[in-house]
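# sharing a model prediction with you, sequence too.
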Amino acid sequence: MSPSPPAPDGFEQFTFTHEGKVRDVYRQGSGPAVIVIAEIPGITPRVAEFGRKVADLGCTAVLPRLFGVTGKPPSSGYALQSIGPACISREFSCFATGKTSPVTVWLRALASQMHEECGGPGVGAVGMCFTGGFALAMMVDDIVLAPVLSQPSLPIPLTKSHRRDLGISDEDLARVKERCAAEDELCLLGLRFTHDRNVPAERFQRLREELGDKFVAVEIDSSPGNPHGHPKGAHSVLTNHLVDEPGTPTRDALDKVLALFRDKLLTN
């Protein structure tokens, strides 16, 4: 990984190492940790802005750098530059079904360390797009109390089985289901636009089947002519396609995410 530019405004930069993997991490705020796992192409200004909202809530926003150039604005060319190496990396399970991405082991270790440093009842985790399902895999650990899957896109939905796959091994899924059955207050929040081809409806249906009412789906209308003007290709609920105005569906989705963090991590 190439050297990182300076941290986004207001963030502190450090490195975290686990099993020989060293990565840059950025943090802001105080209070229980929320691991914000950026989408392709990386930690863009909009991802950093979401992190600031988490910090303003009273949590510590923790942004690990898995790919891309921190602070660089998104573009189609930049996305292609980031997704190519990620797709061939052994750290990300882009095409295999029934497999957890190995990078989630590193993310779980980071979450554990941040929980030790920041305190609180546990940690939150939000994945986006390429990393959207990682919060589900992180739920194998008891400390993850507020998981959010924002437009979970892996595995890439090439076939019917890919469209229903959750990007997690059967063993890890069994552990998540065990936690959901045993912990009355545990729930998982999922976000998607209805016409997002990268996040098929079948994937959310599978989550409902596996987790029942512990999975709370927020599906935002992006059909042609929808009343809020969301483009058919709308994808990034919390960043690029967020309309941050009261009463809009994406603002409502953002408020639900922040409320989950508040309720699970900050409310005694």
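Yes, it's here.
# buried residues in stretch 182-198?
Neighbour-count burial for stretch 182-198, counted by 16 or more other Cβ atoms under 10 Å, picks out 186, 187, 188, 189, 190, 191, 192, 193, 194, 195, 196, 198. C-betas here are computed from N, CA, C, even on glycine.
# end to end, how far does it reach?
One end of stretch 182-198 sits 32 Å from the other (Cα to Cα, to the nearest Å).
# same check on stretch 112-126?
15 Å.
# in that stretch, what counts as buried?
Of the residues in stretch 112-126, 112, 114, 115, 118, 120, 122, 123, 124, 125, 126 count as buried by neighbour count, 16+ other Cβ under 10 Å.
# so the fifth one, which state does it fall into?
Going by DSSP: H, G, I helix; E, B strand; the rest coil, the secondary structure assigned to residue 120 is coil.
# same check, this time on the first one
Using three-state DSSP, the three-state assignment for residue 112 comes out as helix.
# hang on, residue 27 is in a helix, isn't it?
No. The assignment for residue 27 (three-state DSSP) gives strand, which keeps it out of a helix.
# number the residues from 2 up from this point.
Happy to do that; since the first residue is 2 now, the last one works out to residue 28.
# what number of residues lie near it?
Residue 28 has 22 neighbouring residues, counting by other Cβ atoms under 10 Å.
# bridged to it, which residues?
Taking DSSP bridges as the rule, residue 28 bridges to residue 13, residue 63.
# surely residue 42 and residue 66 touch.
No. Contact criterion Cβ atoms under 8 Å: residue 42 and residue 66 do not qualify, at 11.5 Å.
# between those two, who's got more neighbours?
Ranked by neighbour count (other Cβ under 10 Å), residue 42 and residue 66 place residue 42 first, with 25 against 20.
# tell me how far the more buried one lies from residue 246.
For residue 42, the distance to residue 246 equals 26 Å [Cβ to Cβ, to the nearest Å].
# coming back round to it: reformat the buried residues of stretch 113-127 as CSV; add distance to residue 167 and pLDDT.
Shown next, in CSV, are the buried residues of stretch 113-127 (distance: Cβ to Cβ, whole Å; pLDDT from 0 to 100):
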residue, distance to residue 167, pLDDT
113, 23, 98
115, 25, 98
116, 24, 98
119, 28, 98
121, 27, 97
123, 22, 98
124, 21, 98
125, 19, 98
126, 15, 98
127, 16, 98
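# closest one of the residues you listed to residue 204?
Set against residue 204, the nearest of these by Cβ to Cβ is residue 127 (16.8 Å).
# what about the residue nearest to that closest one when sequence neighbours are not counted, neighbour count?
The shortest distance from residue 127 to any non-neighbouring residue, by Cβ to Cβ, 6 or more residues apart in numbering, is to residue 149 (3.9 Å). Residue 149: 29 surrounding residues under other Cβ under 10 Å.
# on the three-state scheme, residue 149 is what?
Per three-state DSSP, residue 149 ends up strand.
# wait, doesn't it sit right on residue 265?
No. The pair residue 149 and residue 265 does not pass the contact test of Cβ under 8 Å, sitting 10.7 Å apart.
# between the two, which contacts overlap?
residue 125 (Cβ atoms under 8 Å, 6 or more residues apart in numbering).
# pLDDT averaged over stretch 27-37 - what is it?
Averaged across stretch 27-37, the pLDDT comes to 98.
# hmm, I typed the wrong one, I wanted stretch 252-266.
Mean pLDDT, stretch 252-266: 98.
# buried residues in that stretch?
Those would be 254, 255, 258, 259, 261, 262, 265, 266, for stretch 252-266 by 16+ other Cβ under 10 Å.
# so where do the helices sit in the chain?
Along the chain, counting by DSSP state H, helices occupy 46-58, 77-89, 104-119, 135-139, 161-165, 171-183, 202-212, 250-262.
# which of the ones you listed has the lowest average pLDDT?
Taking the mean pLDDT of the helices of the chain, helix 77-89 comes last: a mean of 80.
# so what does that helix touch, helix or strand wise?
Taking 3 or more Cβ pairs under 8 Å, 6 or more residues apart in numbering; DSSP states H and E as the contact definition, helix 77-89 has no neighbouring helices or strands.
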